[in-house]
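Asks: Below: sequence and its predicted model.
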Amino acid sequence: VVTFSASGFNFGNVPTGQATSRVLYIQNHSDVPVTYDFQLDPHDTFSISKPRGAIPAQATAHVTVSFKSTVPACYWKRVACLIKDTDPLAVDLLATCYDDKSRPPPLTQRHISSYLNRLATGGPPVETDPANLSVPPSPVPSYHSRPNSSGSDGLDAPLGTPAGPLGAALELGLQQPLVGPTGWDLFFEGQDPARALQLDRE
């Protein structure tokens, strides 16, 4: 059995061009060595210091997860990790990049969960009802403000695939973009008075 010290990291608000990082611990609870392999493009805005390696029996390894971007935007990636002779694991990576001209609203795990739930139930990728968008979200924990007991400031949500329709959708490996025909226009309304942010409508 192999486990992560955190199910994900929210890097919070990060200025363009600035790098920030977190440490992820990988623990091998079995009596045999295992290999791991993170499925991440080396040119991605998120990076992992040692994307593949081996962990001895009953030992713990660690990798540094970093984020850096030159484009103001909200970023989310669910990175799969292949583990030898066992089920793969995954880690959610979130960040909100900003500069002097554009400051997108912070992206949180709550937004991702809501997005995946809408897709799993056949709804639109983004919320398009202005009435719902005007309601402030309920308070959520600050996942990047304080380390947990393992010494990592990861998300508190347990790792694994949920049951029901959402679980079935995740099993299919949803890779839908976080953009829609009108959803982001509503989402960013009033947040970008200088019109510095260009929306990708594809």
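Replies: Right, received. Where do you want to start?
Asks: buried set for the helix or strand hosting His111?
Replies: Using DSSP states H and E, His111 sits within helix 109-120. By 16 or more other Cβ atoms under 10 Å, the buried positions in helix 109-120 come out as 109, 111-112, 115-116, 118-120. For every residue, glycine as well, the C-beta is placed using N, CA and C.
Asks: wait, which of those residues is closest to Val1?
Replies: Distance to Val1, by Cβ to Cβ, is smallest for Gln109 among these, at 24.5 Å.
Asks: Contacts for the helix or strand harbouring Thr35, please.
Replies: Remark: Thr35 resides in strand 34-38, with elements defined by DSSP H and E. The contact list for strand 34-38, computed with Cβ atoms under 8 Å, 6 or more residues apart in numbering, reads 2, 26, 28, 48, 51-55, 61, 63, 79-86.
Asks: mind listing what the residue nearest to Ala95 when sequence neighbours are not counted touches?
Replies: Nearest non-adjacent residue to Ala95, counting by Cβ to Cβ, 6 or more residues apart in numbering: Phe11, 3.9 Å away. Phe11 makes contacts with 20, 22, 67, 93-96, 144, as judged by Cβ under 8 Å, 6+ apart.
Asks: pLDDT score for Phe11?
Replies: pLDDT, Phe11: 96.
Asks: which ones among the contacts of Phe11 are found in strands?
Replies: Under the assignment DSSP state E, those contribute 20, 22, 67, 93-96 to strands.
Asks: For the protein, give me the ranges with low pLDDT.
Replies: Low-confidence segments of the chain, defined by pLDDT under 70, span residues 126-202.
Asks: please redo it, this time with the cut-off set to 50
Replies: Low-confidence regions of the chain, defined by pLDDT under 50, span residues 134-193.
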